[in-house]
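A.B. asks: this one's structure only:
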């Protein structure tokens, strides 16, 4: 149990800005094993985002509360995944060879593709969350629980989709400055099982209220499949930025899929 707590805090330290015990460091062995807790980190980020949204909803409009919830999530992770999304937009938008794409993504400066991509991403995420809250109005205890589970499930399943690329594809570059190199070296069945357990459990609980919501797994993992295929085609694998971009895209796909299910099924 003590070892598992150490691994969990390693994941928490690596993927968020939440303070951790002083004895936690970037031990490569623990970082490899920390991938099993990546979707669990989504529980925490999604929970914090919901609490910020729910608390703010008593003071401001639903739209403003959603923005506050988004800000809380970004502050919790330090924009870790949004930064990866921006780098992927810049790299694949401005590069036409593997070497050029990787070089652009490694650059800390954000370009036009990255800036435009992040703005559109935030606008789309805000609009989708607004529609979800409008459809599931916070009037009863069940509706509050449903929205909480939507926040958590969106963050957890999107992280599962991202980390699953590590299980099926090779790392594109051996670069010590990469965000995900420590977790991309190796994994065992424990990491795979842990990732799927923590990634799918919130959705399974959410499906108790409407079993059709399990269908969101299909579009989320279709998006994951095509993104992984695209990365493989251009850079022969993935990087940490690719995982961050996958998480962001799959989170948006999750919200969009839930809205489609609520409206048409």
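C.D. replies: Thanks, I have it. Keep in mind it's a predicted model, so treat the numbers as computed, not measured. Residues are numbered from 1 along each chain as shown.

A.B. asks: what about stretch 70-79, average pLDDT?
C.D. replies: The predicted model gives stretch 70-79 an average pLDDT of 98.

A.B. asks: buried sites along it?
C.D. replies: Residues 70, 72-74, 76-77, 79 are the ones in stretch 70-79 that count as buried (16 or more other CB atoms under 10 Å). Any C-beta I mention is one placed from the backbone N, CA and C, and that applies to glycine too.

A.B. asks: what of stretch 83-93?
C.D. replies: Burial within stretch 83-93, assessed by neighbour count using 16+ other CB under 10 Å, is assigned to 83-92.

A.B. asks: same deal with stretch 258-265?
C.D. replies: By 16+ other CB under 10 Å, the buried positions in stretch 258-265 come out as 258-259, 261.

A.B. asks: out of these, the closest to residue 120 would be?
C.D. replies: Distances from residue 120 to the buried residues of stretch 258-265, taken as CB to CB, are shortest for residue 259 (17.7 Å).

A.B. asks: other SSEs contacting the host helix or strand of the closest one?
C.D. replies: When secondary structure is defined using DSSP states H and E, the element that contains residue 259 is helix 240-264. In this structure, helix 240-264 packs against helix 80-94, helix 112-135, helix 141-168, helix 217-235, with contacts taken as 3 or more CB pairs under 8 Å, 6 or more residues apart in numbering; DSSP states H and E.

A.B. asks: quick check: angle from the longest one to helix 80-94?
C.D. replies: Read it as helix 141-168. In this structure, helix 141-168 runs at an angle of 50 degrees to helix 80-94, with axes from the mean of the first three to the mean of the last three CA atoms, to 10 degrees as the basis.
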